[in-house]
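Visitor: sequence and predicted model, in that order:
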Amino acid sequence: MHRTVGRGILPTALLAALTTVVACGLWGDSDSHAEETPAETASADAGSVAALRAAEKATGKAGSARIASTTVMGDMLSMKTDGALGWAGASTGRLRLTYTGGQLAETMRELGSTSMEARLLPDAYYAKVGDGFAAQMHGKHWIKYAYDDLESLPGGSGTYLKEQLANTAPLPPVKLLLVSRDVHKVGEEEVRGERTTHYSGTVNVADLKGADALKEQLEQAGVTTEKIDVWVNGDDLLVKKVEKGELTTGSMSATAYYSDYGVQVAAQEPPASDTADFKELL
């Protein structure tokens, strides 16, 4: 039997889980471009920079992909994510988040939720809750987080979330490598039966220069340092990424695989009669 809780607890916990996904760079294109890439003018390997520029362009043009990932955020949360994201025109996505460990996962478990279906639409993010919590929302199973409403969250986190949720292309790890001063080619490797080229680099957020927008986003997510590895296939498409680093709240690691580029992504708005608004639950 699930305990009865204040209605604002689960919506806030779901939002915290979403923040974790975004902070680990599973998606969220930045507007930073060539003028904000100190790696190109520093001691970084020029061939690696050129290859990553090609990967950034090809992955951005692909328009959609399937994603499978695992994320660990210190003692706070561990989870798996599976689904598909689309970024050709208006950003869309359908994901299944499964909480596997950590303090936030335990909170979710006590609230009767061990996994969540998420839908991303151009103007809002929707999270589905279980029957136990739906009973406290007059039987409604979906919570709507309008992006404009997220801007009112304290500390600038809502603005950061809004910007990232509205851009689902999985480009953050590539962009981070392009501002890494030690980005380099590791070698040729096989990933899930596909031939790829492995690139690696380290980013110290405090030392970033000339990439103010990206630096601000990372600081808002609590990121201080990151080691980033990406694997790119012969079509210049991102196949795998691994991020390991330090947040203000502890260590984090995230591994994601991308496949089926160009897949159709269908995400519909849930029925209004089965949807509660986030701001009305706080």
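Guide: Noted; the coordinates are in hand.
Visitor: show me where the chain has helices.
Guide: For the chain, the helices defined by DSSP state H cover 9-23, 46-62, 103-110, 131-134, 147-150, 157-165, 172-178, 212-220, 278-281.
Visitor: give me the contacts around the second one.
Guide: Helix 46-62 is contacted by residues 29, 37, 39-40, 87, 169-171, 174-175, 177-178, 183-185, 197, 199, 230, 232, 235-238, 258, 261-262 when judged by C-beta atoms under 8 Å, 6 or more residues apart in numbering. Where you see a C-beta, it was placed from the backbone N, CA and C, and this is true even at glycine.
Visitor: and that helix, what's its mean pLDDT?
Guide: Across helix 46-62, the average pLDDT comes to 95.
Visitor: how far off centre is it?
Guide: Here helix 46-62 is found 20 Å from its chain centre; the criterion is C-alpha atoms, centre = their mean, to the nearest Å.
Visitor: so which bits of that helix are buried?
Guide: Going by neighbour count (16 or more other C-beta atoms under 10 Å), the buried part of helix 46-62 is Ser48, Val49, Ala51, Leu52, Arg53, Ala55, Glu56, Ala58, Thr59, Gly60, Ala62.
Visitor: what's the spacing between the last one and Thr92?
Guide: By that I understand Ala62. Per C-beta to C-beta, to the nearest Å, Ala62 is found 14 Å from Thr92.
Visitor: low pLDDT regions in this structure?
Guide: For the chain, the stretches flagged by pLDDT under 70 are 1-10, 12-44, 153-167, 209-214, 217, 220-221, 248-249, 282.
Visitor: which residue ranges form the strands in the stretch 101-250 of the chain?
Guide: All strands of the stretch 101-250 of the chain, identified by DSSP state E, counting those that start in this stretch, fall at 115-120, 124-128, 142-146, 184-191, 194-204, 223-233, 238-247, 250-259.
Visitor: near the nearest residue to Ser200 once chain neighbours are set aside, how many other residues are there?
Guide: Nearest residue to Ser200 in three dimensions, chain neighbours excluded: Asp229, at 4.7 Å (C-beta to C-beta, 6 or more residues apart in numbering). By other C-beta atoms under 10 Å, 17 other residues sit near Asp229.
Visitor: hang on, isn't Asp229 packed against Leu238?
Guide: No - with contact defined as C-beta atoms under 8 Å, Asp229 does not count as touching Leu238 (11.3 Å).
Visitor: please enumerate the shared neighbours of the two.
Guide: Overlap of the contact sets of Asp229 and Leu238 (by C-beta under 8 Å, 6+ apart) is empty.
Visitor: how close does Leu150 get to Lys144?
Guide: From Leu150 to Lys144 the distance is 11 Å (C-beta to C-beta).
Visitor: equivalent analysis for Arg181, please.
Guide: From Arg181 across to Lys144, the span is 42 Å (C-beta to C-beta).
Visitor: ditto for Met76
Guide: For Met76, the distance to Lys144 (C-beta to C-beta) stands at 25 Å.
Visitor: ok, those two, which is more surrounded?
Guide: Lys144 (24 against 18).
Visitor: redo the strands of the stretch 101-250 of the chain as a markdown table? Include distance to Lys279.
Guide: Shown next, in a markdown table, are these (distance: least, C-beta to C-beta, whole Å):
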| stretch | distance to Lys279 |
| --- | --- |
| strand 115-120 | 18 |
| strand 124-128 | 12 |
| strand 142-146 | 8 |
| strand 184-191 | 42 |
| strand 194-204 | 35 |
| strand 223-233 | 28 |
| strand 238-247 | 27 |
| strand 250-259 | 29 |
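Visitor: and those strands: which comes nearest Ile67?
Guide: Closest approach to Ile67 among these is made by strand 250-259 (5.8 Å; C-beta to C-beta).
Visitor: partners of that closest one, with directions?
Guide: strand 64-73 (antiparallel), strand 238-247 (antiparallel) (DSSP bridges).
Visitor: can you state the direction angle for the last one and strand 223-233?
Guide: Going by axes from the mean of the first three to the mean of the last three C-alpha atoms, to 10 degrees, strand 238-247 is angled at 170 degrees with respect to strand 223-233.
Visitor: circling back: drop anything exposed from the contacts of helix 46-62.
Guide: Among those, the ones that count as buried by 16+ other C-beta under 10 Å are 29, 37, 39-40, 87, 169-171, 174-175, 177-178, 183, 197, 199, 230, 232, 236-238, 258, 261.
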